[in-house]
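[1] After the sequence you'll find the predicted model.
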Amino acid sequence: MLLGVAFTVLLLLISGVSAGELDFPPVDLKEEHSVVVVSFTHPLRFYGASTQMDEATFKFTISTDEADVNGSCTAQENNCKRSVSFPEGVEKCVTLKGSFDDVSFRETGRICLSVLSPKNVTLSCQNVNVSVSWEYSKPKPGTSFRVHVGGSAGHLVSDTTEHQYDLSHFVWASEERYLGFHHVTVTAKEGGNQSESIPSKTFTFNALKTAEIYCKLDFPPVDVIEKESAATVSFMNPLLFYAALKQAAKSDSATFAFTVSSDNGDFEGACTAQEKICKVDFSFLEGAKCVTLKGRLFDGIGVRYVEFRETDPICAPAEVHVLMLTILLFVFGIITSVIIIVVCKVKAWTLKMPPLPLPLVPPYHEREQLYAPASDPDISPVTLTDNKLCKNPSVSSVEEEDDLQESGVDYQHQLLARPYAEGGLSEGYRRDEDSADDSEKTEIVSMDLEDEAEVGGSGYDRPQTLQVDIGDGEMVTGYSER
C-alpha cells in the first residue's frame with residue numbers, strides 16, 4: 001500500500017505537481033430528486049498520473065452545515081461520486097477535502113447550488129495564442145472566477161474578474177507543457193461561496209496525445225528561389241521565429257523536420273535549435289514552379305512532436321529577364337501616357353477660341369443707361385393780370401379782333417402752335433370740366449402787359465399761358481411771349 005502511494009506521489013512530482021500542494025479537482029453539483037450528487041474527476045486522471053496499482057485509493061469527505069459524508073474511489077474509476085441529503089429549506093452547500101494516505105489535497109471552498117455557474121466555457125488555440133472564455137448571466141458586485149488548468153504537465157489556479165483568461169504563458173512555459181495534455185475548469189465565486197466547476201474541452205499540441213482539440217502552429221514565411229534547373233526553399237527556424245518557442249525551456253536536441261512537396265516529388269529537410277535558417281535544395285519539373293510544406297517540431301528524443309499546418313502552394317518568382325522586361329514595359333507605358341497628357345494640355349492652352357457674338361438685346365443694366373433721365377422742372381404757377389384789359393372790361397370783341405390783326409401775322413395760330421413747340425401746356429392751367437355754369441367752361445386769365453414790359457425779365461417771372469377769345473365767345477388757351 002505504501003509502495004503504491006509512494007509511486008503515485010513520484011508520478012505527480014514528475015508531472016510538475018508538488019506533494020502537499022495539490023488542489024482539489026473541480027467539483028460538480030447536481031440536484032436529483034431529494035438529494036444532491038457530488039462528483040469530480042479522479043485526482044490521478046485530473047493530474048495525468050498513471051494508475052497501474054489497484055491500491056491507489058482516493059479518500060474524500062463531503063461536509064455540509066449539518067453533517068460529514070465520507071467517500072472513496074479506486075484508481076480504475078475515472079470519476080469519484082457521492083450523494084448527499086439536505087433537510088427541507090436548507091441551503092445546499094458542500095465543502096470537500098481528500099488524500100492519498102499522507103498526500104493531502106487542499107480543502108475546497110464552500111460550493112453552493114445557489115451560486116450560478118459559468119456557461120459556454122470555450123477553449124481557443126490560434127497558432128501560439130491559447131485562451132479560455134465563458135459567459136455569466138447575472139454577475140454581482142465582487143463576483144470573480146477561478147480558472148483551474150490541469151493535465152499531464154502540471155496545473156495552474158488563478159482568479160480573475162474578466163470573462164476570459166490567457167493560457168499562453170502556461171502552455172509555452174516548457175517543452176513538457178506544450179507537448180502535454182490539458183483541460184480547464186472555470187468556477188464562479190461570490191463572497192465565501194462558489195459555484196460548481198464547469199470544464200472546457202481537453203486540448204493538446206502533441207499529435208500523439210488523445211484530446212478533444214488538437215492545436216497546430218503555422219509555418220513561418222517561406223522563400224522559393226529558382227536557379228536554372230535547381231530551386232531552394234528556405235524559412236526561419238520556428239524555434240527562433242516564435243518568441244513563445246524561443247523562450248520555452250526545452251532540450252538542445254529539439255529538431256524541426258519538414259517536407260517540401262512538388263510535382264517532382266517530396267523532399268525532406270531538418271534543422272536543429274542552433275540553426276537560424278532551415279532550407280533544402282531540390283529540382284523542379286519542366287513548367288512546375290510551386291511547392292507546399294508541412295512540418296513537425298520533435299522533442300529531444302524525437303518521439304513527441306507538435307504538428308505544423310500544411311502551407312498553401314508557394315511559387316517561385318518569374319525569371320529575372322522576364323521580370324525586368326515587364327517592369328520596363330510598365331514604365332514605358334506610364335511615360336508615354338504622361339507625354340500625351342502634357343501635349344494635349346499645352347494645345348488646349350495655346351489655341352485661341354473665336355469670341356462669342358454679342359447678344360442682340362443688351363443687358364438690363366445697360367439698357368437703363370441708354371437715355372439720361374430728365375429731371376422734373378420746378379414750375380410754380382403764376383397769375384399775371386393785363387391792366388389794359390382789366391381797365392377796359394367792356395372792350396368789345398371787335399376791338400380785340402382788330403388788335404390781333406395789327407400784328408400782321410396770324411396770331412391765333414401762333415398761340416395755338418406755341419404750346420406744342422415749347423414742350424406742352426403748363427400743369428397749372430387746365431380745362432375746368434366741373435364748372436357749375438355749363439355755358440362758361442373756361443377760365444379767363446388776363447395778362448398785365450404793362451408789367452410785362454416793365455419787368456422784361458425771365459419767362460418764369462410772368463404767366464406763360466393765357467385764355468384768348470377767338471370770337472363768338474369761344475376761348476382757347478395759349479402761351480404768351482417771353
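    Happy to help now that I have it.
[2] in the stretch 351-482 of the chain, which segments are predicted with low confidence?
    Within the stretch 351-482 of the chain, the stretches with pLDDT under 70 are 351-466, 468, 472, 478-482.
[3] please redo it, this time with the cut-off set to 50
    Counting by pLDDT under 50, the ranges of the stretch 351-482 of the chain that qualify are 387-402, 404-409, 411-412, 415-417, 419-460.
[4] what's around Ser337, how many residues?
    Residues near Ser337, counting by other C-beta atoms under 10 Å, number 10. No exception for glycine: its C-beta is placed from N, CA and C like everyone else's.
[5] mind checking the SS state of it?
    With DSSP: H, G, I helix; E, B strand; the rest coil as the basis, Ser337 sits in helix.
[6] cool, the one 3 residues further on as well?
    The three-state label for Ile340, taken from three-state DSSP, comes out as helix.
[7] Quick check: the gap between it and Leu329.
    17 Å (C-beta to C-beta, to the nearest Å).
[8] now the helices: where do they sit in the stretch 101-250 of the chain?
    168-171, 175-178, 238-241, 243-247 (DSSP state H, counting those that start in this stretch).
[9] Check which helices and strands the second one sits against.
    It refers to helix 175-178. Contact partners of helix 175-178 among helices and strands, from 3 or more C-beta pairs under 8 Å, 6 or more residues apart in numbering; DSSP states H and E: helix 168-171.
[10] Could you give me the buried positions within the helix it packs on?
    Within helix 168-171, the residues that count as buried by 16 or more other C-beta atoms under 10 Å are 170-171.
[11] Just the residues contacting that helix, thanks.
    With contacts defined as C-beta atoms under 8 Å, 6 or more residues apart in numbering, helix 168-171 is touched by 128-131, 149, 156, 177-178, 182, 205, 244.
[12] swap in stretch 147-161?
    For stretch 147-161, the external contacting residues (C-beta under 8 Å, 6+ apart) are 15-17, 23, 25-26, 46-48, 132, 143-146, 165, 167, 170, 174, 176-177, 179-187, 189, 197, 202, 209.
[13] What's the mean pLDDT across that stretch?
    Mean per-residue pLDDT for stretch 147-161: 87.
[14] CA atoms only: put that stretch into CSV for me.
    The C-alpha trace of stretch 147-161 is given here as CSV (Å, rounded to 0.1, in the frame of the first residue of the first chain):
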residue,chain,number,x,y,z
VAL,A,147,-9.6,29.2,-13.6
HIS,A,148,-8.0,25.8,-12.9
VAL,A,149,-5.8,24.3,-15.6
GLY,A,150,-4.9,20.6,-15.1
GLY,A,151,-3.4,17.8,-17.1
SER,A,152,-0.3,15.8,-17.7
ALA,A,153,2.2,18.7,-17.3
GLY,A,154,1.2,20.4,-14.0
HIS,A,155,-1.6,22.7,-13.0
LEU,A,156,-2.4,26.3,-12.6
VAL,A,157,-5.1,28.1,-10.4
SER,A,158,-5.8,31.7,-11.0
ASP,A,159,-8.6,34.2,-10.2
THR,A,160,-9.9,36.9,-12.5
THR,A,161,-12.9,39.2,-12.7
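[15] pretty sure Val38 contacts Asn79?
    No. In this structure, Val38 is not within contact of Asn79 by C-beta atoms under 8 Å, at 10.7 Å.
[16] Compare the two and say which is more crowded by neighbours.
    A side-by-side neighbour count of Val38 and Asn79, using other C-beta under 10 Å, places Val38 first with 23 against 13.
[17] after the strand or helix carrying the more buried one, next one along is what?
    Here Val38 is covered by strand 35-41, with elements defined by DSSP states H and E. Once the chain leaves strand 35-41, the next helix or strand it forms, by DSSP H and E, is helix 43-46.
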